[in-house]
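Provided below for reference: sequence and predicted model.
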Amino acid sequence: METRRLRMLVELYRLGSMRAVADTLSTTTSTVSQQIAALAGDMGTALVEPHGRLVRLTPAGRRLAEHAVTILSAVETARHDLSPESEPNGTLRVAGFATAIRAHLLPVITTLATTHPRLRVLVREHEPAEALRLLAEDATDLALTYDYNLAPAAEDGGSHATALWTAPWGLGVPVGAHVPAGSTLDVFAAFAGHDWIVNSRNTADETVIRTLGSMAGFTPRITHQADSLDLVQGMITAGLGVGLLPLGTTAFPSVRIVPLTGPDVVLRAYAVARHGRLGWPPLALVSGLLLDRSGRR
């Protein structure tokens, strides 16, 4: 049983079309079809069936794809375990959100330049969904992601998430705005008539805002989107609305960041890697250094 064929089956399970598999693996649709057919011959059972103009996995195909995830992970683990080089070296690809890169990854890279000069870290700035897609496509080795306690990310059986740090968030409002004393829901209710600013590349904060708005008895009017936290503060300054901001952020003179308690709003950061790669020396080293900076070990 060839692992290449298993990889194609797993990608077909994930992507849903042979053309998409061919594009992802830089091959042709005909090759994918032939390899899946050969795998079906190896297994002695049909793995795909017609579905309109496309094909879909049969129950046996889906079951084999589930086994294939474990098999491919084991093969990757064995390959790394048998590597003659134990000293971390080579290139580690990291995709993550800006705060994680700036405050945590860049100091680690600076340290590695002295302690492990043969290890190169390539950095790409991406929001969680983008970083996780790159991880699934094997276009990155480590994804630095986040979710919120009120908007938890869905688990992915093909990867492992290591909790790093947490950060409380508050509500950014104009500095002169009246903010009632009380719970998070009291604060939200006081701004029910305002426009709300959310992230332009991730929906987690919008989920938090809509959840708390619903609990406070109103539907937030989402009008503006911005990826940059500084731009969010600029929008608040310009009177365009209110939005979530980390409490540790230095507020603009015209912005007040109101703490939210009962319920709290907490961002949770993670280092995510594919099963089978966790023991790879460069990945293990960088993940460990990020844990150290987070105070998690």
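Received it, and whenever you're ready, just let me know what you need.

so which residue is smack in the middle of this protein?
Centroid-nearest residue in the chain, with Cα atoms, centre = their mean: residue 128, separated by 2.9 Å.

from residue 143, how far out is that one?
Distance from residue 128 to residue 143, counting by Cβ to Cβ, to the nearest Å: 7 Å. To be clear about C-beta, it is placed using only N, CA and C from the backbone, and glycine gets the same treatment.

can you check residue 245 too?
Residue 245 sits 24 Å away from residue 143, taking Cβ to Cβ as the criterion.

residue 270 now?
Using Cβ to Cβ, one obtains 8 Å as the distance from residue 270 to residue 143.

likewise for residue 215?
Distance of residue 215 to residue 143, computed by Cβ to Cβ: 31 Å.

and the lowest-mean-pLDDT helix or strand in the chain, what's buried?
Taking mean pLDDT, DSSP states H and E as the measure, helix 59-81 is the helix or strand of the chain with the lowest mean score, a mean of 86. Judged by neighbour count using 16 or more other Cβ atoms under 10 Å, the buried positions of helix 59-81 are 61, 64, 65, 68, 69, 71, 72, 73, 76, 77, 80.

can you redo those as TSV with distance to residue 278?
Written out in TSV, the entries for these read as follows (distance: Cβ to Cβ, whole Å):
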residue	distance to residue 278
61	28
64	24
65	22
68	19
69	15
71	17
72	14
73	9
76	10
77	8
80	9
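
phi, psi for the residue of the chain most remote from its centre please.
Seen from the C-alpha centroid of the chain, the residue lying at the greatest distance (Cα atoms, centre = their mean) is residue 44, 37.9 Å away. Backbone geometry at residue 44, expressed as degrees, to the nearest 10, gives phi 70, psi 30.

could you do residue 154 as well?
Taking degrees, to the nearest 10, you get phi -70, psi 140 for the backbone angles of residue 154.

pLDDT at it, what is it?
On the pLDDT scale, residue 154 is placed at 88.

for residue 85, same thing?
The model reports residue 85 with a pLDDT of 59.

which stretches in the stretch 151-297 of the chain count as strands?
Chain-ordered strands for the stretch 151-297 of the chain, with DSSP state E, counting those that start in this stretch as the definition, fall at 159-174, 195-198, 221-225, 242-246, 255-259, 265-274.
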